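# generate a structure from the sequence data that follows.
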Amino acid sequence: MGWEKIFHAKGQDRKAGAAILISDKTDFKMKAIKKDNKGHYLIAKESIQEEDITIINIYAPNTGAPRYLQQILTDIKGEIDGNTIIVGDFNTPLTTMDRSSRHKINKATEILKVTIEKLDLIDIFSTLHPKKSEYTFLSSVHGTFSRIDHILGHKANLNKFKNIEIISSNFSDHSGMKLEINQKKR
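Predicted structure coming up:
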């Protein structure tokens, strides 16, 4: 698979970064791009197969990720609508199923989940695979697996989300995620 366009926001000292890659097999037109200068998020407003869509990629720092994400989502809520997909390294498991250790979710993460729900967003992987424990990150230091990379979509578009899968990676400590969308379904 080739990439028609690659958009990125990068931080200093290679401590942060976000990218959006558009397949060369996609009928795509960029309308606007917005990014922060620290490499923590990238917002692409575009048209794919003549349908408007907003893709937001967020990288949350390792420390204080739930609060950081909650603040970012609050700050950019005006960019979020029914055709928004939010992806990224949240550095936060959203449920106990997202951790091999099954530790409880802390209060900051619970508050983040409330913010996600108020924006009418859903964790697409958890919604399509409610009983599946599959992970995107291995902590070799702690010997644990977790799903800290997420794809959120608007709950009104649930029927458009055809399939989501986690794809192992040879070049990163994170696995990728692939979302297939049925265009023109409502």
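# which strand residues bridge the most centrally placed residue in the chain?
Nearest to the mean C-alpha position of the chain, by Cα atoms, centre = their mean, lies Val87 at 1.6 Å. Judged by DSSP bridges, the bridge partners of Val87 are Asn57, Ile151.
# and if you look at Phe161?
Following DSSP bridges, Phe161 is listed with bridge partners Ile181.
# what stretches of this protein score poorly on pLDDT?
Applying pLDDT under 70 to the chain picks out residues 1, 4, 13-14, 183-186.
# strands of the chain, start to end?
For the chain, the strands defined by DSSP state E cover 3-10, 17-23, 28-35, 41-48, 51-59, 84-89, 121-123, 137-139, 144-146, 149-154, 161-167, 176-181.
# what is the fifth one packed up against?
This means strand 51-59. strand 17-23, strand 41-48, strand 84-89 (3 or more Cβ pairs under 8 Å, 6 or more residues apart in numbering; DSSP states H and E). For the C-beta atoms, the positions are set from N, CA and C on the backbone; glycine is no exception.
# ok, back up a step: which residues touch the residue nearest to the centre of the chain?
For Val87, the contact set (Cβ atoms under 8 Å, 6 or more residues apart in numbering) comprises 55-58, 149-152, 177, 179.
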